[in-house]
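Peer 1: Build me a model from this:
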Amino acid sequence: MHLTVVTSISDTTVATGKRLSLAFDIAPKKLMHVYAPGKHDYQVIAVKLDPQPWLKVQPTSYPPSEIYFFKELNEKTETYSKPFKLVQDVTILATPEAQKLLAASPTVKVSGRLEYQACDDKVCYAPTKVPFSFALDVKE
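Peer 2: Predicted coordinates:
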């Protein structure tokens, strides 16, 4: 309703020690914006991964933001109103526990949700969660 999201993953085959990138190509609809990291208390658009004992999550990579000026509040805030990409890197752990868990199943799942609050020049809408999931083939 507020934006379009296209998700992708760098590889669908996993092995211990391998690093993968989850990409989120996001395009806010006309006159919409979402919040970027910055010096404000608004809900920042974020990738939230479901915990997995075989997965190490790196910090999300954010592109440079734009400054949005709220006339009514005389406030400047970091936002995204043009298409942008978030990248979430993860590493498949090479610990004995991770190897045992991965060996038990031919496929595993990386899942979570993209969380954001979108606003236009008049209204801020309820926070939204967009689920995503990637099935991965385990390689020994």
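
Peer 1: Mind telling me what element the residue positioned nearest the centre of the chain is part of?
Peer 2: Note on the chain: the residue nearest the mean C-alpha position is Val47, at 2.7 Å, using C-alpha atoms, centre = their mean. Per DSSP states H and E: Val47 is located in strand 46-49.

Peer 1: Now that strand: average pLDDT?
Peer 2: For strand 46-49, mean pLDDT rounds to 98.

Peer 1: In terms of secondary structure, what does it contact?
Peer 2: Applying 3 or more C-beta pairs under 8 Å, 6 or more residues apart in numbering; DSSP states H and E, we find strand 46-49 packed against strand 84-92, strand 107-116. In this view, the C-beta of every residue, glycine as well, is placed from N, C-alpha and C.

Peer 1: most packed of the ones you listed?
Peer 2: Compared across the helices and strands packed on strand 46-49, strand 84-92 shows the largest average neighbour count, a mean of 18 (mean count of other C-beta atoms under 10 Å).

Peer 1: List the contacts of it.
Peer 2: The contact list for strand 84-92 (C-beta atoms under 8 Å, 6 or more residues apart in numbering) reads 14-26, 45, 47, 49, 54-58, 60-63, 98, 102, 110, 114.
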